[in-house]
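> Curious how this folds, go ahead:
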Amino acid sequence: MSVAKLISHKWKKYLMIILALLICFVVTYSVIFLITIYHATNDIYTEIERSGDKSEYRLENVTVGKDPISILLIGVEDYETNGQNGRADTLIVVTLNPDTKQMTMTTVPRDTSIEFTEEEVGRYAGFHKINAAYSYGSMFGYGEDKLVIEKVEQLLDIPIDEYVAVNFDGFKDIVDSLDGVKVNIKEPFWEKNFYTPGERLYFEKGERKLNGEEALAFVRMRKRDVNAAYPRDERQRQFIQAIIDEAISTNTLLKVGEITDIVGHNVTTSLSPIEIFHLQQIYSSINTSDIKTFEIEGEDDMIDGIYYVIPTEENLLNISEQLKQELELTTDK
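Numbering: from 1, shown residues only. Down below sits the predicted model:
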């Protein structure tokens, strides 16, 4: 065998060894990744207690990853009550269609007026803000997540198939674990720092990477004058699109251990580990610029000294019909 052929043979041998080691590394990392994700998501899994294991707005069960589904994102404010009987500070309905890869987001104003029954809230039956459903559901043993889900279903006349609830600490820590999230700020404003009393956080117009504390202030601001031109609902949808872009980046995979530790203490969801895996597989390459957004319009009203949003009937009906189309439902319940 010539010297050239001998060298070529050795290089091929070394290349095969390196390739084998890389394959072993990838397989090992993938297994560790899946095991870590499974344990974290299994710990936060909380099934919705309802008849037939489905929404009453569904005739048949749906399968996550195969059928169009809706997911309610719940931002929980429970810092004033030491984690007990909190309020739903943020409510966003997401629809996902695995065939079209289409995603929609609809923000439900937290001050939306809606009727509660005696079965749900006992002697407090009557009209209340929709965000009170979380605390009432906890206080009266109805189930905080369950009552919020049913009130949103009642409002939009669509099924809510799954939910994800995260508290403020979880939101902040997840953003920090991603080393911040880039957002294009459309209008300048300031907001109080939730974690440092008396401190103001300033947001200048233009693209900026927000850390956890800044991100929380960005999505929560609603009392500054600029909120009329750059409303809270728009900023929340904008941030979710930005965090999806960040979360599906390759760098996120390297932080899975840190993220799952955060998730385990601050998140609950009705999505099982395998369902989360299916969703990740289908939507990991979604283009967030294609996400459709819907806005519930309403009139401000003051009743007995309490501020409410009264949804416009025509707008609410229009959004309901569009969401039914996304979920491939008939117009009848």
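> Ser285 - how many residues pack around it?
Applying other C-beta atoms under 10 Å, we find 8 residues neighbouring Ser285. For glycine as for every other residue, the C-beta is placed from the backbone atoms N, C-alpha and C.
> In this protein, which residue is most central in space?
In the chain, the residue lying closest to the centroid (C-alpha atoms, centre = their mean) is Leu73, at 4.1 Å.
> nearest residue to that one other than its sequence neighbours?
Ile92 (4.3 Å; C-beta to C-beta, 6 or more residues apart in numbering).
> Using the three-state scheme, assign that neighbour.
strand (DSSP: H, G, I helix; E, B strand; the rest coil).
> my guess is it contacts Thr106, does it?
Yes. Counting by C-beta atoms under 8 Å, Thr106 is a contact partner of Ile92 at 6.9 Å.
> out of those two, which sits in the busier spot?
Comparing Ile92 with Thr106 by other C-beta under 10 Å, the one with more neighbours is Thr106, at 26 against 20.
> Isn't that one up against Ser320?
No. The criterion here is C-beta under 8 Å, and Thr106 misses it with Ser320 at 9.6 Å.
> Now list whatever residues contact both of the two.
The contact sets of Thr106 and Ser320 overlap at Leu156 (C-beta atoms under 8 Å, 6 or more residues apart in numbering).
> pLDDT at the closest residue to Thr90 other than its chain neighbours, what is it?
By the measure of C-beta to C-beta, 6+ apart, the closest residue to Thr90 outside its immediate chain neighbours is Gly75, 3.1 Å from it. Looking at Gly75, its pLDDT reads 90.
> Output the helix or strand encompassing Gly75 as CSV, restricted to C-alpha atoms.
Secondary structure from DSSP states H and E places Gly75 in strand 69-77. The C-alpha coordinates for strand 69-77 follow below in CSV (Å, rounded to 0.1, in the frame of the first residue of the first chain):
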residue,chain,number,x,y,z
ILE,A,69,-56.9,23.1,19.7
SER,A,70,-57.2,26.1,22.0
ILE,A,71,-54.9,26.9,24.9
LEU,A,72,-55.6,29.5,27.6
LEU,A,73,-52.5,31.3,28.8
ILE,A,74,-53.0,32.6,32.4
GLY,A,75,-50.7,35.1,34.0
VAL,A,76,-51.3,34.8,37.8
GLU,A,77,-50.9,37.6,40.2
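> in stretch 295-304, what's buried?
Judged by neighbour count (16 or more other C-beta atoms under 10 Å), stretch 295-304 contains these buried residues: 296, 298.
> Ignore what I typed, I meant stretch 197-213.
Applying 16+ other C-beta under 10 Å to stretch 197-213 flags 201, 203, 210, 212-213 as buried.
> same question, stretch 91-106
Neighbour-count burial for stretch 91-106 flags 91-98, 103-106 (criterion: 16+ other C-beta under 10 Å).
> what sits opposite the residue nearest to Thr90 in the beta ladder?
Counting by DSSP bridges, Gly75 forms beta bridges with Thr90, Val166.
> Likewise for Phe189?
Under the criterion DSSP bridges, Phe189 forms beta bridges with Phe203.
> any idea how far Tyr230 is from it?
Separation of Phe189 from Tyr230 (C-beta to C-beta, to the nearest Å): 7 Å.
> How about residues contacting the helix or strand encompassing Glu314?
Following DSSP H and E, one finds Glu314 within helix 313-326. Residues from elsewhere that reach helix 313-326 (C-beta under 8 Å, 6+ apart): 68, 70, 93, 95, 97, 102, 104, 106, 155-158, 292, 294, 296-298, 330-331.
> Could you rerun that using 7 Å?
For helix 313-326, contacts defined as C-beta atoms under 7 Å, 6 or more residues apart in numbering pick out 68, 95, 97, 102, 104, 106, 156-158, 294, 296-297, 331.
> Check stretch 114-132 too.
Stretch 114-132 is contacted by residues 87-89, 91, 108, 110-113, 136, 140, 142, 147, 151, 154-155, 308 when judged by C-beta under 7 Å, 6+ apart.
> that older thread, dump the residue contacts of the residue nearest to Thr90.
89-90, 166, 171.
> residue contacts, Ile158?
Neighbours of Ile158 in contact, by C-beta under 7 Å, 6+ apart: 57, 70, 320, 323-324, 327.
> What helix or strand is Leu96 located in?
In this assignment (DSSP H and E), Leu96 forms part of strand 87-97.
> looking just at contacts, which helices and strands does that strand meet?
strand 69-77, strand 102-107, helix 132-139, helix 144-156, helix 232-247, helix 313-326 (3 or more C-beta pairs under 7 Å, 6 or more residues apart in numbering; DSSP states H and E).
> picking that back up, among the contacts of Gly75, which one sits closest to Thr269?
Nearest to Thr269 among the contacts of Gly75 is Val166, at 8.9 Å by C-beta to C-beta.
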